[in-house]
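output the structure for:
(2 chains)
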Amino acid sequence: MSQPLTPSELAAYRLRQRSRSRALALVLVALVVLFFAITIVKLKQAAASHHAQALAAPQQPTVRAGL
Amino acid sequence: MIAPAPISTAPAASEADWRDFYALTKPRVITLVIFTGLCGLLAAPGTIDPVLGFTAILCIAVGAGGAAALNQWWEADLDAQMKRTRQRPVPAGRMDKRAARDFGIALSGGSVLVMGLAIGWLAATILAISIFYYAWVYTVWLKPRTPQNIVIGGGAGAFPPMIGWIAVTGHITLMPVLLFLIIFAWTPPHFWALALFVQTDYDAVGIPMMPNVAGERSTRYQILVYSVALLVLTLVPWWLGLAGRVYGVAALVLGLAFVALSVKVGLRQTAEAGDTMRPEKQLFRYSIVYLFALFAMLVVDHVATLSGA
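Numbers count the residues shown, from 1 in each chain, chains lettered A, B, ... in the order given. You can find the predicted model right below:
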């Protein structure tokens, strides 16, 4: 059976655990920022492509109702 | 109220520091992966949004880190027996094997998924192949079986510039394949130079590296052959008009220096006890500088061509 940790081992263990949690939190925040930025870029690209397609499409003659 | 479980000695191995996870990704190797991937991306015809370009490079780096973690998970027992690797997180006992494996899988899977969604599925597929190639084809299959492990396994490190290029263009052409082949031909002389001066380590764990299977003389000769092949290969993009004069002259000068150092190693007599292996160490160090410089000049050449120089 494993022995309980001594106070100094426990302190070192808690320190490692805390530093790992902080690093993980940083990574998660960075990923949120990255995914947000990617989404904005993708939306911009989609809008620009839609706009370009609309400009390239041949102009349809408009028919006025009632004339 | 539920009392927290008492903490025993067991978590000491499973609660690795974040630095251990970072070390698991082989950061020094990743530097070269990031650089060659970035050069492939910058030298490719066309443009890419900076955010997407950053994402592509990040995915290449994280994917390489995932493959490195899987490599260290698989080779933990071997690493424990070699002086050069016994301080790595798993063999040193700072991290348990399952944590290394799960970390590797998470990084590999995550990088491929993000690459596919943000950049494109062709780039993601090549990234997935490169991870599989390093983690399985090289680590599990080739490395313990054949002294050609480095030759064929070199393909794993040759993918980044190709992925960077495809991230911009969205398709595979001759130039990214040539970039792949250049790193493919560069790997054997680079790694065998290292294997010559750390030979005893590989010997001890029964990894069939070229020097301890075919002998030093044959390895030295092959280093020379690959160096000449590398010089020729690096000139092909210039010859075919896929790269300009700036790249061509740089490839020639850098390649001739590479061959000159390889001649020193290739024509040298087999090392004796007490040999400092200076030419081999020189070649190993220069090979790293060489690859950085060659790919940097590819980008400089591309910029020069765009600005009409």
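
give me the low-pLDDT residue ranges for the chain?
Chain wasn't specified; assuming chain A. Judged against pLDDT under 70, the low-scoring parts of chain A cover residues A:1-2, A:58-67.

could you do chain B instead?
Those would be B:1-14, B:199-200, B:271, B:309, if you go by pLDDT under 70 across chain B.

could you chop it up by domain?
Using automatic domain parsing, the domain ranges for chain B come out as B:15-171, B:173-309.

can I get these in TSV with mean neighbour count and distance to A:Thr39?
Any C-beta I mention is one placed from the backbone N, CA and C, and that applies to glycine too. Listed next are the domains of chain B as TSV, based on neighbours: other C-beta atoms under 10 Å in any protein chain shown; distance: least, C-beta to C-beta, whole Å:
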stretch	mean neighbour count	distance to A:Thr39
domain B:15-171	20	9
domain B:173-309	18	28
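
now the strands: where do they sit in chain A?
Assigned by DSSP state E, chain A shows no strands.

residues of it that sit close to chain B?
A:2-5, A:9-10, A:13, A:16-17, A:19-20, A:22-24, A:34, A:37-38, A:40-42, A:45 (C-beta under 8 Å from any C-beta of the partner chain).

from these, list the buried ones, please.
Among these, those buried by neighbour count (16 or more other C-beta atoms under 10 Å in any protein chain shown) are A:5, A:13, A:16, A:20, A:34, A:37-38, A:41.

in helices, which of those fall?
Per DSSP state H, helices hold the following members of these: A:13, A:16, A:20, A:34, A:37-38, A:41.

A:Leu55 is nearest to which of the domains of chain B?
Checking these against A:Leu55 by C-beta to C-beta gives domain B:15-171 as the closest, at 20.1 Å.

can you give me the end-to-end distance of that closest one?
43 Å (C-alpha to C-alpha, to the nearest Å).

ok, now stretch B:233-249?
14 Å.

chain center to it: distance?
23 Å (C-alpha atoms, centre = their mean, to the nearest Å).

name all residues that make contact with B:Ser287.
B:186, B:189-190, B:193, B:258 (C-beta atoms under 8 Å, 6 or more residues apart in numbering or on different chains).

which of the ones in helices among the buried ones among the residues of chain A next to chain B sits closest to B:Ala118?
For these, the nearest to B:Ala118 is A:Ile38 (4.9 Å; C-beta to C-beta).

what helix or strand is the residue nearest to B:Ser262 when sequence neighbours are not counted on?
Nearest non-adjacent residue to B:Ser262, counting by C-beta to C-beta, 6 or more residues apart in numbering or on different chains: B:Ser227, 3.7 Å away. Secondary structure assignment for B:Ser227, by DSSP states H and E: helix B:216-239.
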